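> heads up, no residue letters with this:
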């Protein structure tokens, strides 16, 4: 599958955000990557700023260009603010929900758990990371997979909770209550810039 496999921290340094999880690389090298990273001072165009924001959202959620475009078009058709709808749809993906529930340390790890059939939705195995969840869906780790080292490691360190999710760490399952409100989504993404980019 065509996923980004390159150096993660170069991407994080480009956006000056720990989009792949906590890293000391941003502290050690707070400048953009590349030979001229330290000396780069040129002013970015409006288009460049908008494109950068879209790329940041894509890398953050691990979505390919065509997938991202499809989600945007779906968000544009739905009533409400397009930018907010976009983030809500991205947050309701199965791989993102597994990550938010604390069953994986990163979205990449969550995607792998889903791909390998370790995750169930409403009691049935679902191995499609991009599957959109609906209100009331129960997401869990298969009984056979609960002793996986990656799952035990993630659940022993993650204690963060989100208002649109209900989690039972003993049973390793959670409930997707409803689409999140924009103010509850912690990602530092200026979604209006993405809307402006696609509106051109």
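That came through, no problem. Model, not experiment: these values are computed from the prediction. Residues are numbered from 1 along each chain as shown.

> so which bits of whichever strand or helix holds residue 110 are buried?
Taking DSSP states H and E as the definition, residue 110 sits inside helix 107-115. The neighbour-count check on helix 107-115 (16 or more other CB atoms under 10 Å) flags 107-114 as buried. Any C-beta I mention is one placed from the backbone N, CA and C, and that applies to glycine too.

> got a pLDDT number for residue 91?
As predicted, residue 91 sits at a pLDDT of 96.

> wait, what's in contact with it?
Shown in contact with residue 91 (CB atoms under 8 Å, 6 or more residues apart in numbering): 97, 100, 164, 179-180, 185.

> what is the nearest of the residues you listed to residue 53?
residue 185 (14.7 Å; CB to CB).

> what is the rounded mean pLDDT of stretch 98-105?
For stretch 98-105, the mean pLDDT works out to 94.

> likewise for stretch 47-61?
The model assigns stretch 47-61 a mean pLDDT of 91.

> how close does residue 99 sit to residue 109?
8 Å (CB to CB, to the nearest Å).

> for the protein, which helix is longest?
Using DSSP state H, we find that the single longest helix of the chain is helix 46-61.

> what about stretch 88-97, start to end distance?
End-to-end distance of stretch 88-97 (CA to CA, to the nearest Å): 11 Å.

> same question for stretch 135-146.
24 Å.

> buried residues in it?
137-142, 145.

> of those residues, which is the nearest to residue 192?
Nearest to residue 192 among the buried residues of stretch 135-146, with distances taken as CB to CB, is residue 137, at 29.1 Å.

> contacts only, for the nearest residue to the closest one once chain neighbours are set aside.
Residue nearest to residue 137 in three dimensions, not counting chain neighbours: residue 176, with 4.6 Å by CB to CB, 6 or more residues apart in numbering. Residue 176 sits next to 92, 97, 133-139, 164-165 when contact means CB under 8 Å, 6+ apart.

> quick one, phi/psi of residue 176?
Per-residue torsions, residue 176: phi -90, psi 100 (degrees, to the nearest 10).

> just residue 100 next, same as before
Per degrees, to the nearest 10, the backbone of residue 100 is at phi -60, psi -30.

> thought it was touching residue 165?
Yes - counting by CB atoms under 8 Å, residue 100 touches residue 165, with 5.9 Å between them.

> the two - which one has more neighbours?
Comparing residue 100 with residue 165 by other CB atoms under 10 Å, the one with more neighbours is residue 100, at 26 against 19.

> spit out the contact partners of the residue lying closest to residue 65 once chain neighbours are set aside.
Distance criterion CB to CB, 6+ apart; nearest residue to residue 65, sequence neighbours excluded, is residue 58 at 7.0 Å. By CB under 8 Å, 6+ apart, the residues touching residue 58 are 64-65, 68.
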